[in-house]
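>>> Predicted model and sequence follow; I will ask about them next.
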Amino acid sequence: MKPIVIVGGGIAGLSAGCELAKQGRKVVIIEKESRVGGLARSFVYGDYTFDIGPHRFFTDKPVTRDFIIAALDGQEISIQRRSGLYFLGKYYEWPLQPTALLNLPLPMLLRSAGDLLLLGLRDHGQAENFEGYIIRHYGPTLYEAFFKEYTEKFLGIAPQKTHAQWAKTGMKQAVIDESMASRNLLHILAQMIRSVPAPRTRFIYPRGGIGCFCDSLCAMIRQSGGEIVTGDSVAALRVEGGRIERVTTHAGRSWDPDSVVWTAPLTEVTSLLSLPPVGLEYLSLVLYNLELDEPARLKYQWCYFGSKDIVFSRVSVPALFSGQSCPAGAGSLCVEVTCRADGPIWNEPEKILPAVKADLREVGLIRAPARIKAVHIEKVANAYPCYALDYEEKLAAAKKNLSAFRNLTLAGRTGLFWYNNMDDSIENGRAIATGAGCPGLAS
């Protein structure tokens with residue numbers, strides 16, 4: 001039996017591999033990092049565990065929930081969501097609550113009230129760019145005060161040159177629970193008028209960090225006879241008759257696959273197959289994982305920071321996900337800075353560490369830099385697809401070119417150039433295991 005080669009050991013690849021191995025298929029997963037998990041792996045330094053930002057499971061689909069619970073095998077915990085944003089020197093609950101509007105500075109509150117009157121009169125047709133979408137849903141006041149600056153800092157692209165889909169998907173990702181009524185300013189007002197308390201979302205989380213879920217899937221695949229190769233990546237793809245007939249890694253290992261499931265960046269498979277450059281770009285992350293000698297001073301599990309005067313865009317508190325993430329009496333912070341993989345922050349991340357520490361003190365997350373026991377800097381490439389204004393046309397062209405290879409399937413966040421949540425990747429990977437969209441797997 002020829003193997004199904006899965007490139008990338010993230011959530012989508014592992015979920016597909018787990019289901020395929022259970023079916024008795026021969027599975028090989030190739031992961032370039034030393035540990036599986038992709039964007040959902042954890043970093044462990046002694047008694048401290050850090051995820052890549054605020055990962056957690058939330059799904060309203062019983063089948064997906066059952067898959068998660070089965071993989072965690074009793075190690076799951078249920079946590080109540082509490083997230084926030086830092087805005088004009090104050091912390092607010094996120095998603096925005098009705099009281100947040102009342103706490104705005106009076107001139108901004110009055111302008112937002114005016115926006116509310118106009119929202120119902122605006123043309124609600126399709127907005128082509130990020131700016132148009134947010135103004136139509138939240139009004140120009142909140143757009144100028146928060147969304148514009150945060151997006152420019154996070155993406156490094158002007159909102160006018162960012163596709164509206166980034167706003168739609170980004171808001172869905174940030175809100176997570178569709179029952180939370182802050183999808184636009186009118187929803188917030190309706191919630192205020194009805195005096196309906198905001199629902200409290202609960203997440204599933206592995207007691208030992210999100211990476212435990214991936215490690216469990218890895219173990220299940222190996223127990224079913226699957227092979228997982230870490231610390232290696234694909235160097236060449238040999239094609240014959242419109243099929244990928246051989247996959248070779250940089251370490252010199254080769255497999256003749258039945259099918260190839262590609263969850264690594266779309267740009268890489270395009271290059272390996274000598275296709276025209278796709279012109280799509282990914283955003284990378286630099287993490288500053290801080291060990292503290294006292295509990296973190298942030299009451300939110302994670303918090304967004306939109307001001308350009310603050311170097312980081314998001315901070316999460318591992319201990320508010322699981323008490324096992326750090327020693328008793330201590331604390332930790334995961335500080336995220338987005339960048340380009342060829343830029344100065346990526347190449348010399350230690351240079352902005354003084355600014356990271358100063359800004360953490362400025363926003364009240366540490367009492368003093370001396371409270372930081374240790375700093376671990378981690379680079380995470382290809383963390384987000386960049387939805388530039390023309391990304392849909394470029395993505396369609398890339399997929400059309402790749403469709404010529406009959407036994408190749410794209411999957412997951414980076415393979416599909418898809419800004420998604422972990423439950424989406426689980427569902428995508430498990431669907432692939434049934435043969436959906438992959439003739440080689442259906443045979």
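All right, it came through fine.

>>> What segments of the stretch 201-350 of the chain are helices?
211-223, 266-272, 344-347 (DSSP state H, counting those that start in this stretch).

>>> Tabulate the ones you listed (CSV), appending distance to E336 and mean neighbour count.
Using the backbone N, CA and C atoms, a C-beta is placed for each residue, glycine as well. Below are the helices of the stretch 201-350 of the chain laid out as CSV (distance: least, Cβ to Cβ, whole Å; neighbours: other Cβ atoms under 10 Å):
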stretch, distance to E336, mean neighbour count
helix 211-223, 17, 21
helix 266-272, 22, 19
helix 344-347, 12, 14
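
>>> wait, which of those helices is closest to G306?
Closest approach to G306 among these (Cβ to Cβ): helix 344-347, 18.0 Å.

>>> Could you list every helix and strand in contact with the closest one?
With contacts taken as 3 or more Cβ pairs under 8 Å, 6 or more residues apart in numbering; DSSP states H and E, helix 344-347 sits against strand 282-292, strand 331-339.

>>> Rebuild those as TSV, extending it with distance to A236.
As requested, those are arranged in TSV below (distance: least, Cβ to Cβ, whole Å):
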stretch	distance to A236
strand 282-292	22
strand 331-339	30
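
>>> Tell me which of the helices of the stretch 201-350 of the chain approaches V7 most closely.
With Cβ to Cβ as the criterion, V7 lies closest to helix 266-272 of the helices of the stretch 201-350 of the chain, at 7.6 Å.

>>> now for the helices of the stretch 201-350 of the chain, which one comes closest to K161?
Among those, helix 266-272 comes nearest to K161, with 19.6 Å by Cβ to Cβ.

>>> chain center to the closest one, what's the gap?
On the basis of Cα atoms, centre = their mean, to the nearest Å, helix 266-272 sits 21 Å off its chain's mean C-alpha point.

>>> got the CA positions of it in PDB?
Backbone C-alpha positions of helix 266-272 (Å, rounded to 0.1, in the frame of the first residue of the first chain) are rendered in PDB as follows:
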ATOM      1  CA  LEU A 266       0.600  27.300  -0.200                       C
ATOM      2  CA  THR A 267       3.600  29.300  -1.500                       C
ATOM      3  CA  GLU A 268       6.000  26.500  -0.800                       C
ATOM      4  CA  VAL A 269       4.200  23.800  -2.800                       C
ATOM      5  CA  THR A 270       3.700  26.200  -5.700                       C
ATOM      6  CA  SER A 271       7.500  26.800  -5.700                       C
ATOM      7  CA  LEU A 272       8.400  23.100  -5.400                       C
END
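
>>> what packs against it?
Under the contact criterion of 3+ Cβ pairs under 8 Å, 6+ apart, helix 266-272 touches strand 234-240, helix 391-402, strand 408-410, helix 412-415.

>>> Out of those, which one sits most buried?
For the helices and strands packed on helix 266-272, the largest average neighbour count (mean count of other Cβ atoms under 10 Å) is found in helix 412-415, namely a mean of 28.

>>> And the next helix or strand past that one?
Downstream of helix 412-415, the first helix or strand assigned by DSSP states H and E is helix 422-433.

>>> in this protein, which segments are predicted with low confidence?
Counting by pLDDT under 70, the chain contains low-confidence ranges at 96-102, 116-127, 171-200, 436-443.

>>> ok, now with 50
Residues of the chain meeting the criterion pLDDT under 50: 176-182, 190-196, 437, 439-443.

>>> contacting residues around stretch 385-393?
Residues outside stretch 385-393 that contact it (Cβ atoms under 8 Å, 6 or more residues apart in numbering): 128-129, 155, 157, 161-163, 165-166, 169, 280-283, 413-414, 417-419.

>>> Flag every buried residue along stretch 359-375.
Across stretch 359-375, burial judged by 16 or more other Cβ atoms under 10 Å covers D359, L360, V363, L365, I366, R371, I372.

>>> any idea how far the third one is from Y91?
So the one you mean is V363. 9 Å (Cβ to Cβ, to the nearest Å).

>>> The first one now?
From D359 over to Y91 the distance is 15 Å, taken as Cβ to Cβ.

>>> Show me what Y304 bridges to in the sheet.
When assigned by DSSP bridges, Y304 has beta-bridge partners L85, R314.

>>> Next, the contact list for it, please.
For Y304, the contact set (Cβ under 8 Å, 6+ apart) comprises S83, G84, L85, Y86, W94, Y150, A174, S313, R314.

>>> Look up the closest residue to the second one, ignoring the ones flanking it.
What it means is G84. Closest residue in space to G84, ignoring its immediate chain neighbours: Y300 at 3.9 Å, by Cβ to Cβ, 6 or more residues apart in numbering.

>>> was I right about that neighbour contacting R82?
Yes: here Y300 reaches R82: they are 5.4 Å apart, a contact under Cβ atoms under 8 Å.

>>> what touches both of the two?
L320.

>>> Okay, strands next: where are they in the stretch 101-250 of the chain?
Under the criterion DSSP state E, counting those that start in this stretch, the stretch 101-250 of the chain carries strands at the ranges 202-206, 227-230, 234-240, 243-249.

>>> Dump the ones you listed into a markdown table; add distance to G24 as well.
Below are the strands of the stretch 101-250 of the chain laid out as a markdown table (distance: least, Cβ to Cβ, whole Å):
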| stretch | distance to G24 |
| --- | --- |
| strand 202-206 | 28 |
| strand 227-230 | 14 |
| strand 234-240 | 25 |
| strand 243-249 | 21 |
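
>>> how about those, which one is nearest E336?
Set against E336 and scored by Cβ to Cβ, the strands of the stretch 101-250 of the chain come closest in strand 202-206, at 18.4 Å.

>>> The closest one vs helix 422-433, what angle?
Interaxial angle of strand 202-206 relative to helix 422-433 (axes from the mean of the first three to the mean of the last three Cα atoms, to 10 degrees): 70 degrees.

>>> Need the CA coordinates for strand 202-206. CSV is fine.
Taking Å, rounded to 0.1, in the frame of the first residue of the first chain, the C-alpha atoms of strand 202-206 are listed here in CSV:
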residue,chain,number,x,y,z
ARG,A,202,-16.9,28.4,27.9
PHE,A,203,-13.9,26.8,26.2
ILE,A,204,-12.3,23.4,26.3
TYR,A,205,-8.7,23.5,27.2
PRO,A,206,-6.0,20.8,27.8
